[in-house]
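Asker: Here is the input, now give the coordinates:
(4 chains)
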There are 2 protein chains.
Amino acid sequence: MKLSEYEMDVMQLFWQHEPCTASHIHQLLCEQPGRRKNVAYTTVKTIVDRLEKKGAIERHGQQGRAIVYQSLVTQSTLSKQATPGFMRRFFQGDSRNFIAHFIENEKLDDDDIAYLKTLLDSKKDSK
Amino acid sequence: MKLSEYEMDVMQLFWQHEPCTASHIHQLLCEQPGRRKNVAYTTVKTIVDRLEKKGAIERHGQQGRAIVYQSLVTQSTLSKQATPGFMRRFFQGDSRNFIAHFIENEKLDDDDIAYLKTLLDSKKDSK
DNA sequence: CACCTTTTACTACATTTGTAGTTATTAGTT
DNA sequence: AACTAATAACTACAAATGTAGTAAAAGGTG
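Answerer: Residues are numbered from 1 along each chain as shown, chains lettered A, B, ... in the order given. Coordinates of the predicted model:
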């Protein structure tokens, strides 16, 4: 399943707040700092409709007139699908290059670092 | 600068083979295993034209009739621009979650693992 | 120098994406 | 029961994207 950027933004909100309605998603989007402000409700509803058509979410019930949706795909599933392509396009498919970029450029506290080292160790042991 | 997926695929080839012509890129794309086969030359040329219009590459010279191009942006620049959005959409912007996904899902040999641990250590020290 | 092959430049077109308006319906409210 | 605000359903539309065709020009080759 291939979702657009905006569709993914909406899926993120579903994953964090489901089951929920289009209005709820709309509110959440509007509250989101900086990103996209003043998006019309109908715009959000269109995205939600497309997500339903693509099979990423389904109707779960009603809340008054409003349709309550829930997700049908997990974030993990979509991440696994999307990352190889992203890695190839932006890091020549070189995992090491890729992870190195992140370790260097992203915020990680000591706890994170300790955790990731543990992960690396268990990866090594598992082979 | 925002490039499409296909445009990024072509940029990858430029970075690895520049300076080079559209025909050369076309050949390389056709040789690429599995991915997209039988793409028409004109299709590739269109992408190259768009990359030029977007300012991602420029004319560097001629080779017979053919135009030789070279890149104007680095892979690193584009990666730095693209990754925050990718991370947010697919990993809720959580670096730790993100890197963990990679350590778990991507192929890394013992050398890679040792290298990454060193990187994590130097990250820790630098604070 | 005439010709053929390559390559450019331009045009085309269906699909996807971001964005939103319009119309119809209905759940609450008075 | 009538009204109103919310919501769904449908339609619209420009821009971007993937894909390629056509026409024109200009190298190299006989």
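Asker: elements contacting the helix or strand harbouring A:Leu51?
Answerer: In this assignment (DSSP states H and E), A:Leu51 forms part of helix A:41-53. Other helices and strands packing on helix A:41-53, by 3 or more Cβ pairs under 8 Å, 6 or more residues apart in numbering or on different chains; DSSP states H and E, are helix A:5-17, helix A:22-31, strand A:57-63, strand A:66-71. (Each C-beta comes from the backbone N, C-alpha and C, glycine too.)
Asker: contacts for the very next helix or strand once past the shortest one?
Answerer: Counting by DSSP H and E, the next helix or strand C-terminal to strand A:66-71 is helix A:75-91. The list of residues contacting helix A:75-91 from outside it, by Cβ atoms under 8 Å, 6 or more residues apart in numbering or on different chains, reads A:1, A:3, A:8, A:11-12, A:15, A:93-95, A:97-98, A:101, B:5, B:8-9, B:12, B:75, B:78-79, B:82-83, B:86, B:90-92, B:101-102, B:105-106.
Asker: What about DNA strand C: which of these touch it?
Answerer: Restricting the contacts of helix A:75-91 to those within reach of DNA strand C (Cβ under 7 Å from any atom of the strand) leaves A:Leu3.
Asker: Of all the helices and strands packed on helix A:41-53, which one is nearest B:His60?
Answerer: With Cβ to Cβ as the measure, helix A:5-17 is the member of the helices and strands packed on helix A:41-53 nearest B:His60 (32.6 Å).
Asker: and the angle from the closest one to strand A:66-71?
Answerer: For the pair helix A:5-17 and strand A:66-71, the angle between their directions (axes from the mean of the first three to the mean of the last three Cα atoms, to 10 degrees) equals 90 degrees.
Asker: Output helix A:5-17 as CSV, restricted to C-alpha atoms.
Answerer: As requested, the backbone C-alpha atoms of helix A:5-17 are provided in CSV (Å, rounded to 0.1, in the frame of the first residue of the first chain):
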residue,chain,number,x,y,z
GLU,A,5,2.7,12.3,2.6
TYR,A,6,-0.5,14.0,3.7
GLU,A,7,-2.2,10.6,4.0
MET,A,8,0.7,9.4,6.2
ASP,A,9,0.3,12.5,8.4
VAL,A,10,-3.3,11.6,8.9
MET,A,11,-2.5,8.0,9.6
GLN,A,12,-0.1,9.1,12.3
LEU,A,13,-3.0,10.8,14.0
PHE,A,14,-5.2,7.7,13.7
TRP,A,15,-2.5,5.5,15.2
GLN,A,16,-2.2,7.8,18.1
HIS,A,17,-5.9,8.5,18.6
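Asker: at contact distance from chain B, anything in it?
Answerer: Yes - part of helix A:5-17 sits close enough to chain B to count as contact by Cβ under 8 Å from any Cβ of the partner chain, namely A:5, A:8-9, A:12, A:16.
Asker: So which bits of stretch A:54-74 are buried?
Answerer: Using 16 or more other Cβ atoms under 10 Å in any protein chain shown as the burial criterion, the residues of stretch A:54-74 that qualify are A:56-57, A:67-69, A:71, A:73.
Asker: typed the wrong thing, it's stretch A:19-32
Answerer: When neighbours are counted by 16+ other Cβ under 10 Å, the buried residues of stretch A:19-32 are found to be A:19-29.
Asker: For these, please prepare JSON lines with the additional fields distance to chain B and pLDDT.
Answerer: Compiled in JSON lines, these are given as follows (distance: Cβ to the nearest Cβ, whole Å; pLDDT from 0 to 100):
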{"residue": "A:Pro19", "distance to chain B": "19", "pLDDT": "97"}
{"residue": "A:Cys20", "distance to chain B": "16", "pLDDT": "97"}
{"residue": "A:Thr21", "distance to chain B": "21", "pLDDT": "98"}
{"residue": "A:Ala22", "distance to chain B": "19", "pLDDT": "98"}
{"residue": "A:Ser23", "distance to chain B": "22", "pLDDT": "97"}
{"residue": "A:His24", "distance to chain B": "18", "pLDDT": "98"}
{"residue": "A:Ile25", "distance to chain B": "15", "pLDDT": "98"}
{"residue": "A:His26", "distance to chain B": "18", "pLDDT": "97"}
{"residue": "A:Gln27", "distance to chain B": "19", "pLDDT": "96"}
{"residue": "A:Leu28", "distance to chain B": "13", "pLDDT": "96"}
{"residue": "A:Leu29", "distance to chain B": "13", "pLDDT": "96"}
